[in-house]
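Undergrad: What shape does this take:
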Amino acid sequence: MAIEKKRMRQRRGAYGAFDETKALPQELQVVTGGDPNTQDGKAVYIPIEIGDLRRIVTSDELDQQSLDVLRQVLADIEPTIKNAQSATVYANDRGQYASHQGQNAEAAANAASAVAQDIIAMRDSGAFKGDQGLQGIQGVQGVSGVVAPSAGMFALEVDSATGDLYAVYPESVGDIGFEYDSSTGDLYVLIDDGA
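TA: So this is what the prediction gives:
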């Protein structure tokens, strides 16, 4: 491949006098000052073809742009980092508080358990029993609790072992019926008056 030799032209001047429409293909355009696209105002442009003008960027500019982007990213995430740090500190404080409260609750439960054990021990040792008092006056003799139903009479009796209610009556009476009203709790005796 043969290398074509050509003499390149270049234009130079301040950015205000820079007219990219006058740039010929592969003609360097050197801006000596005032370029808003660079920090120091200086730049070099080269048209690849008419209407396609490119700025040549130096490694120093790339380094600076990288630093600027990094600074901006850090500035953007700084509030998030501060919020995360604050949330971490808050969560740590709440965790310590919860741990402290848990220790207090455990201590209170242990103290309550010890008091309960003390009360049980005092009960078992008879500490709550006082001396027996004086014998009271004998009461009046009550009516005998024995019921012997006679003709036409009946008595109710509760079996203390089972709690069942029985009607006790002489055989001559025949069957006596009962009816229980669960809404009122009333028990009715059904008497056949022969009518």
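
Undergrad: How many residues are close by residue 57?
TA: Residue 57: 13 surrounding residues under other C-beta atoms under 10 Å. (Each C-beta comes from the backbone N, C-alpha and C, glycine too.)

Undergrad: so how far is residue 81 from it?
TA: Going from residue 57 to residue 81 by C-beta to C-beta, to the nearest Å gives 31 Å.

Undergrad: before we move on, what about residue 56?
TA: Separation of residue 56 from residue 81 (C-beta to C-beta): 37 Å.

Undergrad: Ok, residue 171 next?
TA: Using C-beta to C-beta, residue 171 is found at 101 Å from residue 81.

Undergrad: which residues in this protein form helices?
TA: Taking DSSP state H, the helices of the chain run over residues 59-125.

Undergrad: how deep is the closest residue to residue 36 other than its chain neighbours tucked in, by neighbour count?
TA: Leaving aside its sequence neighbours, residue 36 sits nearest to residue 15 (C-beta to C-beta, 6 or more residues apart in numbering; 7.3 Å). For residue 15, the neighbour count with other C-beta under 10 Å is 16.

Undergrad: So residue 15 is in contact with residue 29, correct?
TA: No. In this structure, residue 15 is not within contact of residue 29 by C-beta atoms under 8 Å, at 10.1 Å.

Undergrad: re the thing from before, so for residue 171 and residue 81, which residue has more residues nearby?
TA: residue 81 (10 against 5).

Undergrad: rewinding a little: who are the contact partners of the residue nearest to residue 36?
TA: Residue 15 makes contacts with 31, 33-36, 41, 43, as judged by C-beta atoms under 8 Å, 6 or more residues apart in numbering.
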